[in-house]
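Asks: Sequence and predicted structure, then a few things I'm wondering about:
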Amino acid sequence: MDRVLPRMIELARHAPERTVFTRFIPPRSKHDARGIWRAYYEKWESVTRERLDPGLIELVPPLAACVPPAAIIDRQIYNAFGNGRLQAHLDAHGVDTLIVSGGETDVCVLATVLAAIDIGYRVIMAEDALCSSSDQSHDALLQLYAQRFSIQIEVASTADILRMWSLND
């Protein structure tokens, strides 16, 4: 995260009014989880809200400074589209293209990007503004995004995205 945070900040600061942060918010306790999520939180009870430092759920200060005008949409599942709030927000703002940054490349980002493709969004991955706790799976996913999904996902550097974004503003 330390390595990619400066790129995330660049993207958010370029157009905070068009920025949406989605936060994964775990349940209060393992007993509040449904289905297989309960087994997950039984193993990882330390990440439930009754055990987790609340500050770890908040945006880091440089990103939080973009709110408002940036929006925050919370979710309790990997896929940011899962509860309908993100798509409603994007539809209300006439969005057809997503520039994706954040973490984890191989968990929440993966689930969200595949859902975005299913919905029909143009997806641009900011390759130097993505991270994972596993460098190996992060690298594999970037390769998958660029090769297997080359029609539906574009992979570009933050500098290239900002350059193209500025030309279209």
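Replies: Happy to help now that I have it. Numbering: from 1, shown residues only.

Asks: for the strand of greatest length in the chain, which positions count as buried?
Replies: As assigned by DSSP state E, the longest strand anywhere in the chain is strand 122-131. For strand 122-131, a neighbour-count test (16 or more other CB atoms under 10 Å) marks 123-131 as buried. From N, CA and C alone the C-beta is placed, and that goes for glycine too.

Asks: now do stretch 58-74
Replies: 63, 66, 70-73.

Asks: outside of it, which residues touch it?
Replies: Among residues not part of stretch 58-74, those counted as contacts by CB atoms under 8 Å, 6 or more residues apart in numbering are 5, 8-9, 12-13, 16-17, 19-23, 25, 80, 85-86, 89.

Asks: Quick check: ChimeraX command selecting the buried ones in the residues you listed.
Replies: Filtering the contacts of stretch 58-74 down to the buried ones (16+ other CB under 10 Å) takes a single ChimeraX command:
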select :5,8,9,12,16,19,20,21,22,80,85,86
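
Asks: Select from the contacts of stretch 58-74 every entry located in helices.
Replies: Within the contacts of stretch 58-74, residues falling in helices by DSSP state H are 5, 8-9, 12-13, 85-86, 89.
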